[in-house]
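K.L.:
Using only what follows, build the 3D model:
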Amino acid sequence: MASQDEESLVTPTSLALSLAPPRAPPHGTAHRMLLVARDPSDANASHSASSDGGADAHSSYEHHGLRSRIEQIIDAAHLETVPGSGKGGGFVGLSRLPHPHLPAGPEIADRMTRALGATLPLPWQHSFRDSGGFRSLADFLVTASVPALALGNIQTSRNFLELTERRTEVRYGRHEMQKIDLFEPSVEDAGTGTGTTGSPRLRGLVFFIHGGAWGSGKAWMYRLVALPFLKVGMAVAIVGYRTYPDADVPGQVEDVRRAAKELKIKRPDLWIRASEGGCSRDRDELIGTCLMGHSSGAHIALLYLVDLVTRNIECSRISETKGSADAMGPKSNRPDPSVPAFDAYIGLSGPYDISHHFDYEAGRGVEELSPMKPSCGHTRDLFQANSPAIRLQRLLPDFKECDDDKSPSLGCLIPRMLLVHGIEDATVPFTATSEAARILKSCGVRSCDEMYFAKTGHEDVVMHFMLGGRAADEVLRWLELSVSMSRTTVINQSSL
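P.N.:
Next comes the predicted model:
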């Protein structure tokens, strides 16, 4: 699904982001210098000074002839003829052309973060990150910006206060962060009328996981996200969870699992599926349960979804081991009813490949300050293990693709999906979404749509839900349309 914006997605900024590390060599390397038609000796000098190998690393580089090989490849594609000067003109030589879309140097913001990362001692960066200093600073900056936002938009302030009064807190653990802010639609919100008891007819539930680079953020900061969903008759649960250093990514996924289970136990009336409902009219109006996250929250939410798939595979194996598969028949193809299930997944500006995102953060000089590295395990192997699309890909051998109804298939375990990204997101480049979508589709995910927005940054996407904007409108339209299409598919299949 392409962007609905009339503006072109191809801009100098988007082209530069599409070639950010690891898709192109990082700034300061000889390979990068060659690509932008600059003298690679400067890069080697600066690299040798900062590398552990020093001059030995530089001589090793020359010994293997890597530079000459790179030069030959680049020269074959990026050389132009330099005309002679004067009356005679003629041929003088060849000049290396710079890459047409690769920036010669970092942006100003990246220069600042790279300088900061190079200046601050590594032990100090780790101490600031691991002691909770990053979390305190990030949360303070968000809190400090609230008064300015309130003064600039009075209606937004009223909406926030109104939501605060309607908030119901659901605890699912002893830690202060382990709580859910629950919001339910009122008669004034929902345009679908009332049920038999006079209460608004509930159309579904949004289970939202907030972002914050795995190491910051609180549920109240995303309270306004509930507004557009309440207006269409959906309840919204904004999940708070332990951020780093109180929990790493596996612990955060476990928090989300516990939150979903607790909410389903305490409020089973909210956990409705689009395929369920009392009368046909109710079924037609249902949107269902939607798992949603922004930034690192989108990553955590998708990891949780993959964990649900893994648990269902294990349940299927147990059933087959006990010899109950034959008795269950087609029902063995369904998810475990005791586990919370979702009709849709929506990821906003998510970094889904941790190894690639580490390379991107390293290019910005923030990889040691960011909580991502310790949260996701420090090593490349653990980075990949905590990358949801790759983890799903590794599950493929466990699926037995057969024609009978007894074997679970990936398509019946993964809900319809929508991945949303701003095309000028400098915090998490849009390539994170396109790469994840490619892997998910290759795994056999039946419905995985992509939505990109021009002139839209990282925070802009979630702000569209808080303050009103194109991303919120299009996501709601997708929810309505995808439910209608899936319902039509079910009707067609049942008529065969």
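K.L.:
For the stretch 101-250 of the chain, which segments are assigned as strands?
P.N.:
Applying DSSP state E, counting those that start in this stretch to the stretch 101-250 of the chain gives strands spanning 168-171, 179-183, 204-209, 234-239.
K.L.:
what bits of the stretch 201-350 of the chain have low per-residue confidence?
P.N.:
Within the stretch 201-350 of the chain, the segments meeting pLDDT under 70 span 274-284, 315-339.
K.L.:
Let's see that with 90 instead.
P.N.:
For the stretch 201-350 of the chain, residues meeting the criterion pLDDT under 90 lie at 201-202, 271-287, 309-341.
K.L.:
looking at the strands of the stretch 101-250 of the chain, which is closest to residue 114?
P.N.:
Comparing those against residue 114 with CB to CB, the closest turns out to be strand 204-209 (30.3 Å). For the C-beta atoms, the positions are set from N, CA and C on the backbone; glycine is no exception.
K.L.:
circling back: among the strands of the stretch 101-250 of the chain, which comes closest to residue 310?
P.N.:
strand 204-209 (18.3 Å).
K.L.:
backbone phi and psi for residue 11, please?
P.N.:
Main-chain torsions, residue 11, degrees, to the nearest 10: phi -130, psi 170.
K.L.:
ok, it to residue 110 distance?
P.N.:
Distance, residue 11 to residue 110, using CB to CB, to the nearest Å: 18 Å.
K.L.:
Those two: who's more crowded?
P.N.:
Legend: neighbour count by other CB atoms under 10 Å for residue 11 and residue 110, higher for residue 110 (18 against 14).
K.L.:
what's next to stretch 100-110, contact-wise?
P.N.:
The contact list for stretch 100-110 (CB atoms under 8 Å, 6 or more residues apart in numbering) reads 12, 15-16, 18-19, 24, 27, 32, 35-36, 38, 98, 111, 114, 363-365, 426.
K.L.:
residues contacting residue 212?
P.N.:
Counted by CB under 8 Å, 6+ apart, residue 212 has contacts 138, 243, 295-297.
K.L.:
do residue 211 as well
P.N.:
Taking CB under 8 Å, 6+ apart, one finds 217, 293-298, 349, 462 in contact with residue 211.
K.L.:
Serialize those residues to a markdown table and add fields for distance to residue 356.
P.N.:
Putting these into a markdown table (distance: CB to CB, whole Å) gives the following:
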| residue | distance to residue 356 |
| --- | --- |
| 217 | 22 |
| 293 | 18 |
| 294 | 19 |
| 295 | 15 |
| 296 | 14 |
| 297 | 18 |
| 298 | 15 |
| 349 | 15 |
| 462 | 22 |
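K.L.:
ok, of these, which one's closest to residue 388?
P.N.:
Ranked by distance to residue 388 (CB to CB), the contacts of residue 211 are led by residue 298 at 9.4 Å.
K.L.:
measure the closest one to residue 384 for me?
P.N.:
For residue 298 relative to residue 384 (CB to CB), the value is 18 Å.
K.L.:
What subset of the contacts of stretch 100-110 is buried?
P.N.:
16, 18-19, 24, 27, 32, 35-36, 38, 114, 363-365, 426 (16 or more other CB atoms under 10 Å).
K.L.:
In helices, which of those appear?
P.N.:
16, 18, 32, 35, 114, 363-364 (DSSP state H).
K.L.:
most centrally placed residue in this protein?
P.N.:
By CA atoms, centre = their mean, the chain has its centre lying nearest to residue 350, at 1.3 Å.
K.L.:
if we can go back for a sec, between the contacts of residue 212, identify the one with the most neighbours.
P.N.:
In terms of neighbours by other CB under 10 Å, those top out with residue 296 at 30 neighbours.
K.L.:
That residue against residue 214, yeah?
P.N.:
Yes - under the criterion of CB atoms under 8 Å, residue 296 makes contact with residue 214 at 4.7 Å.
K.L.:
Can you work out which residues contact both of those two?
P.N.:
Counting by CB under 8 Å, 6+ apart, the residues touching both residue 296 and residue 214 are residue 372.
K.L.:
Please report phi then psi for residue 383.
P.N.:
Taking degrees, to the nearest 10, you get phi -60, psi -50 for the backbone angles of residue 383.
K.L.:
again with residue 354
P.N.:
Per-residue torsions, residue 354: phi -70, psi -40 (degrees, to the nearest 10).
K.L.:
just to revisit the earlier point, so for residue 298 and residue 384, which residue has more residues nearby?
P.N.:
Using other CB under 10 Å, the more surrounded residue of residue 298 and residue 384 is residue 298, with 31 against 18.
K.L.:
one step back: which of the ones in helices among the buried ones among the contacts of stretch 100-110 sits closest to residue 228?
P.N.:
Comparing those against residue 228 with CB to CB places residue 18 closest, at 29.8 Å.
K.L.:
Disregarding residues adjacent in the polypeptide, which is nearest to the closest one?
P.N.:
residue 431 (5.8 Å; CB to CB, 6 or more residues apart in numbering).
K.L.:
Please report how far residue 202 lies from residue 383.
P.N.:
40 Å.
K.L.:
Just flag the most distant two among the buried ones among the contacts of stretch 100-110.
P.N.:
Taking CB to CB, the two most distant members of those are 38 and 426; they sit 23.0 Å apart.
K.L.:
Mind jotting down where the helices sit in the stretch 101-250 of the chain?
P.N.:
108-119, 122-130, 133-152, 154-166, 227-230, 249-266 (DSSP state H, counting those that start in this stretch).
K.L.:
quick revisit: which one of the buried ones among the contacts of stretch 100-110 is nearest to residue 163?
P.N.:
Nearest to residue 163 among the buried ones among the contacts of stretch 100-110, counting by CB to CB, is residue 426 at 29.9 Å.
K.L.:
ok, back up a step: can you flag which of the contacts of residue 211 belong to helices?
P.N.:
Among those, the members falling in helices (DSSP H) are 296-298, 462.
K.L.:
Can you tell me which of these is closest to residue 469?
P.N.:
Closest approach between the ones in helices among the contacts of residue 211 and residue 469, by CB to CB: residue 462, at 9.6 Å.
K.L.:
Surely that closest one touches residue 346?
P.N.:
No - applying CB under 8 Å as the test, residue 462 and residue 346 come out as separate, 11.4 Å apart.
K.L.:
For the stretch 251-400 of the chain, which segments count as helices?
P.N.:
Per DSSP H, counting those that start in this stretch, the stretch 251-400 of the chain carries helices over the ranges 280-285, 296-321, 325-328, 354-364, 372-375, 380-385, 388-394.
K.L.:
among these, which is nearest residue 257?
P.N.:
With CB to CB as the measure, helix 296-321 is the member of the helices of the stretch 251-400 of the chain nearest residue 257 (6.1 Å).
K.L.:
For residue 24, give me its contacts.
P.N.:
Each residue near residue 24 by CB under 8 Å, 6+ apart is listed here: 32, 35, 102.
K.L.:
mind redoing it with 10 Å?
P.N.:
Residues near residue 24 by CB atoms under 10 Å, 6 or more residues apart in numbering: 16, 18, 31-32, 35, 99, 101-103, 363.
K.L.:
From those residues, pick the one nearest residue 156.
P.N.:
Out of the contacts of residue 24, the member with the shortest distance to residue 156 (by CB to CB) is residue 16, at 32.8 Å.
K.L.:
Need the nearest residue in space to the closest one, chain neighbours excluded.
P.N.:
Residue 16 sits nearest to residue 103 (CB to CB, 6+ apart), 5.1 Å away.
K.L.:
What are the phi and psi values at the one you found?
P.N.:
phi -60, psi 140.
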